[in-house]
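Trainee: Kindly generate the corresponding structure for this input.
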Amino acid sequence: MKRKLFLSVLGFILIGAGLVWADGAVRVKTTASPLKATMGDEITLLLRVETPEGFAVSPPSAKSRVEPFELKSIVALPVIKKDAQAIQVFKLTLAAFDLGELTIPPIVLNFKTTSGRMDSVVSDPVKIKIIPTANHPKDKDDIRPIKDPVSFGRAMIKSVILGVIVLLVSGLLVVKIILRRRHRSPLDPESLKPAHERVLLELKRLNDKNFLSAGKTKEHYSELSDILRRYIERRFSVEALEFTTSEILKALKIKDLDKSVAEKMKEVLDQADLVKFAKFSPTRVVAETLEKELIQVVDSTKIVEIPKETKKKK
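Mentor: Presented below is the predicted three-dimensional model:
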């Protein structure tokens, strides 16, 4: 009987020792940053909880009382396991709107042991000094404006200087644009002429260069081709200078161009392509024939305006 009683007492002692060990195995380390802040600044409070591996620690409640501070957010960082220990860190963001020496109160952290028993630990309180936004040596502990008159004046001066610089630069740009428009070269009278008249002027300039007499056959046919291409662009609104010969003819086909006129265009462009890309050297007679065909194309497709007086008589 005495032996049973002794064993029972020993068991209760061992169980009690085990409970003390479990409670003592959970430790909380509390750190805050910064310890000195201005009113409204965010303060980071880190709660580092060390437990035996297998314990489950719950985050602090969003309703935890932290007056005179305001609890803005709670973040649970990933658990770190080391030497049969688990480290859980909770990051709390606080803000204070009172001045002076304030204290972050203890925060309750609940945890569950490996045996399923629920328990809790409490963090240490932390003192934080909250100072006014503008803390000058002559300031007292009362609330000051967010910006003092000196800094406000400097900001205004910087804004005025910047505004003056912007106005000066804008004025210079406006003057530059006006002067450029005044000194702009007058409009070329030739650009105002109809497309068919410009072809004749361009052909005359080409013949005045005497490329064929100088043996510059490629240059002559290249410019002859460009004269025809520019006419097609002005008359039919086709990007002839960018298109190949086949693309030009395909675009003109949509515009219902006469077949005989299209064939003459093709002849001029094909001959020019042969000279430019196949090093073909035709005789002067061929050049004269192609020029006549080009003029025939222009005569067949040119737009002739009816004088206003004729329209009235009709």
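Trainee: OK, contacts around the closest residue in space to E70 that isn't next to it in sequence?
Mentor: Among residues not flanking E70 along the chain, A95 sits closest, at 4.9 Å (C-beta to C-beta, 6 or more residues apart in numbering). For glycine as for every other residue, the C-beta is placed from the backbone atoms N, C-alpha and C. With contacts defined as C-beta atoms under 8 Å, 6 or more residues apart in numbering, A95 is in contact with 40-43, 69-70, 72.
Trainee: For PyMOL, write the select line for the buried members of those.
Mentor: Selection of buried members from the contacts of A95 for PyMOL, criterion 16 or more other C-beta atoms under 10 Å:
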select buried, resi 43+69
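Trainee: Lowest-confidence one in the contacts of A95?
Mentor: Lowest pLDDT within the contacts of A95 is found at G40 (84).
Trainee: Please look at that one and L99 and confirm they touch.
Mentor: No: at 10.9 Å, G40 does not count as touching L99 under the criterion of C-beta atoms under 8 Å.
Trainee: mind showing which ranges of this structure have poor pLDDT?
Mentor: The model of the chain has pLDDT under 70 over residues 1-24, 134-153, 182-187, 305-314.
Trainee: Can you tell me how far K276 is from K209?
Mentor: 17 Å (C-beta to C-beta, to the nearest Å).
Trainee: My error: substitute E242 in the last question.
Mentor: Distance from E242 to K209, by C-beta to C-beta: 25 Å.
Trainee: The two: who's more crowded?
Mentor: Counted by other C-beta atoms under 10 Å, E242 and K209 do not tie: K209 has more neighbours, with 13 against 10.
Trainee: Got the phi and psi for that one?
Mentor: In terms of degrees, to the nearest 10, the main-chain angles of K209 are phi -80, psi -20.
Trainee: Give me the distance between it and G171.
Mentor: Counting by C-beta to C-beta - K209 and G171 are separated by 48 Å.
Trainee: So what's the residue count around I248?
Mentor: Neighbours around I248, by other C-beta under 10 Å: 24.
Trainee: Flag every buried residue along the helix or strand hosting it.
Mentor: Using DSSP states H and E, I248 sits in helix 245-254. Neighbour counts over helix 245-254 (16+ other C-beta under 10 Å) mark 245, 248-249, 251-252 as buried.
Trainee: Give the next helix or strand downstream of that helix.
Mentor: Heading C-terminal from helix 245-254 (DSSP H and E), you reach helix 259-278.
Trainee: quick one: the helices in the stretch 151-300 of the chain?
Mentor: 195-208, 217-236, 245-254, 259-278, 284-301 (DSSP state H, counting those that start in this stretch).
Trainee: helices or strands next to the second one in the packing?
Mentor: In other words, helix 217-236. helix 195-208, helix 245-254, helix 259-278, helix 284-301 (3 or more C-beta pairs under 8 Å, 6 or more residues apart in numbering; DSSP states H and E).
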